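> coords below, sequence missing:
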């Protein structure tokens, strides 16, 4: 569960999840996003039925050895494929209709595309905890990741499913690394400033399993001028699966969008 951090803590952009201060519409949007994630997972795992996964003894062997029997079996398979295709096309039409309805709703203004002054945007829309591709509650591309502050250490929990698969049954290493980038990016705030990712070094100790709670921890190590150094580790069921070190560079201007001027 994410803990509240003080208003002066620059890590707040990742961690502010005080639902008591959220509008009913924003809470409902989060619910919508959760269901979109479920839809992605479900769609990814739909079996087209054309890969021969069923056991051999479950297939029709009526008329085996005769041309007539073979034709009948082929017709049955074709019919089943046609039925599945029709069902999938009907679902695709429903999904298209829903996407059209959602697309017609008012959109969050973007400074780059809409010429809106970013400082005038709604506060929650600018928070990384809302929009991040890793732990954004309003971003359907983000896997279920939660982060919270434990003193100067940032802790997190991730749960990866089939769409995040790399090697069979294992999380793609790019997702493991992306979570490190985000959690170290937050943890660097213990230095009092934020920088952009300069280097991120990942050491994969063992495979990270799917459908398992993955715990992350990250912290600020030290600062050298405009360079902020951090560390991170992740575990599956208490076993270390990967480690990371990162160097974040504060812009020469001394300011980053969600950080503070130094």
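Happy to help now that I have it. What you see is a predicted model, and the numbers here were worked out from it, not measured in a lab.
> surely residue 173 is in contact with residue 160?
No - when contacts are counted by Cβ atoms under 8 Å, residue 173 is not listed as touching residue 160 (11.5 Å). Using the backbone N, CA and C atoms, a C-beta is placed for each residue, glycine as well.
> neighbour-wise, which of the two wins?
A side-by-side neighbour count of residue 173 and residue 160, using other Cβ atoms under 10 Å, places residue 160 first with 24 against 15.
> and the more buried one, how close does it get to residue 97?
Distance from residue 160 to residue 97, counting by Cβ to Cβ, to the nearest Å: 30 Å.
> those strands in the stretch 101-250 of the chain, which residues are they?
Secondary structure of the stretch 101-250 of the chain by DSSP state E, counting those that start in this stretch: the strands cover 145-150, 153-159, 196-204, 213-224, 227-236, 239-249.
> mean pLDDT for those strands: which is lowest?
Lowest mean pLDDT within these: strand 145-150, a mean of 92.
> buried by neighbour count: which residues of that strand qualify?
145, 146, 147, 148, 149 (16 or more other Cβ atoms under 10 Å).
> surely the fourth one meets residue 183?
Put plainly, it is residue 148. No - counting by Cβ under 8 Å, no contact exists between residue 148 and residue 183, whose distance comes to 10.6 Å.
> okay, and the common contacts of these two?
When contacts are counted by Cβ atoms under 8 Å, 6 or more residues apart in numbering, residue 148 and residue 183 have 154, 156 as shared neighbours.
> low-confidence ranges, the chain, go.
Within the chain, the stretches with pLDDT under 70 are 1-5, 7, 16-19, 53-79, 111-123, 254-262.
> run a quick neighbour tally on residue 154.
Other residues near residue 154 come to 28 when the count uses other Cβ under 10 Å.
> what sits closest to it if chain neighbours are left out?
The shortest distance from residue 154 to any residue other than its chain neighbours is 4.3 Å, reached at residue 187 (Cβ to Cβ, 6 or more residues apart in numbering).
> the stretch 51-200 of the chain: helices as residue ranges?
In the stretch 51-200 of the chain, helices defined by DSSP state H, counting those that start in this stretch lie at 67-103, 111-114, 123-126, 128-131, 173-187, listed in chain order.
> appreciated, that's everything.
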